[in-house]
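1. Pasting the sequence and the predicted model now:
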Amino acid sequence: MKRTLITRALAVFVLSLAACASDKSGTGTELSLMDANDAIGYFNQGNAYLQKGDYGNAIADYTRAIRLDPNYKEAYFKRGLAYLNKRDNNKAIADFTQAIQLDPNYKEAYFIRGLAYLNKRDNNKAIADYTQAIQLDPNYKEAYNARGSAYREKRDYDKAIADYTQAIRLDPNFASAYRGRGYAYSNKKDYDRAIADWEEALRINPNDDNVKSSLQLVRELRR
């Protein structure tokens, strides 16, 4: 159940990335105008399929764009997102890695590759990727939150709490970070702080049924 909660917490951010980069500003390669336009067209068509949840057709179009422009980092990244949504973590990791090789400062690729590693229960590699994303952008609240989840998977609750706390400093209304920190406190049997965090998470997002259940369970245990 805990891993399901982590995956759901990060899925919203993954889906938001699918809606970004809807066009292409440049590839860094010298292509014929026709090929460049075709690559852009396939990329944009892939984005449309991705947003509709048609991952197979999205992958096909991103692949066509990559064939026309092998240095098209955004196409590798978006194809990686499509593979991730199909739960093909290995192919997703391969695409995110290629995007990073093309642009070592591609923070989103590090971040989402970390999610793929987390799905594979490779917490150490996930933490390394989240750390790299944070180094590239010290205000990357989602990366702190995700790294907190990876530390919690490793039962390193103090480091998890520190990362969730930093995410909250960056965004005091970050419901997912309050929720995760609440679970870390609960794992440490610090139920007062867990309850406080879950109450804050519900204030921000009153529809989080998982937090409601956890809060109710802890309150019953303390009676």
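-> Received the coordinates, thanks. Numbering: from 1, shown residues only.
2. Distance from stretch 188-198 to the middle of the chain?
-> A distance of 25 Å separates the centroid of the chain from that of stretch 188-198, by Cα atoms, centre = their mean, to the nearest Å.
3. got a list of contacts for that stretch?
-> Stretch 188-198 is contacted from outside by 157, 178-179, 181-183, 185-186, 211, 214-215, 218-219, 221-222, using Cβ atoms under 8 Å, 6 or more residues apart in numbering. Using the backbone N, CA and C atoms, a C-beta is placed for each residue, glycine as well.
4. go again using 10 Å as the cut-off
-> Outside of stretch 188-198, the residues within contact range by Cβ atoms under 10 Å, 6 or more residues apart in numbering are 155, 157-158, 160-161, 164, 168, 177-187, 208, 210-212, 214-216, 218-219, 221-222.
5. So for it, could I get the coordinates as PDB, restricted to C-alpha?
-> As requested, the backbone C-alpha atoms of stretch 188-198 are provided in PDB (Å, rounded to 0.1, in the frame of the first residue of the first chain):
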ATOM      1  CA  LYS A 188       8.900   6.600  13.900                       C
ATOM      2  CA  LYS A 189       5.800   6.200  16.100                       C
ATOM      3  CA  ASP A 190       5.700  10.000  16.500                       C
ATOM      4  CA  TYR A 191       2.000  10.000  16.200                       C
ATOM      5  CA  ASP A 192       1.300  13.600  17.400                       C
ATOM      6  CA  ARG A 193       3.400  15.000  14.500                       C
ATOM      7  CA  ALA A 194       1.900  12.500  12.100                       C
ATOM      8  CA  ILE A 195      -1.600  13.600  13.000                       C
ATOM      9  CA  ALA A 196      -0.600  17.200  12.700                       C
ATOM     10  CA  ASP A 197       0.800  16.700   9.200                       C
ATOM     11  CA  TRP A 198      -2.100  14.600   8.000                       C
END
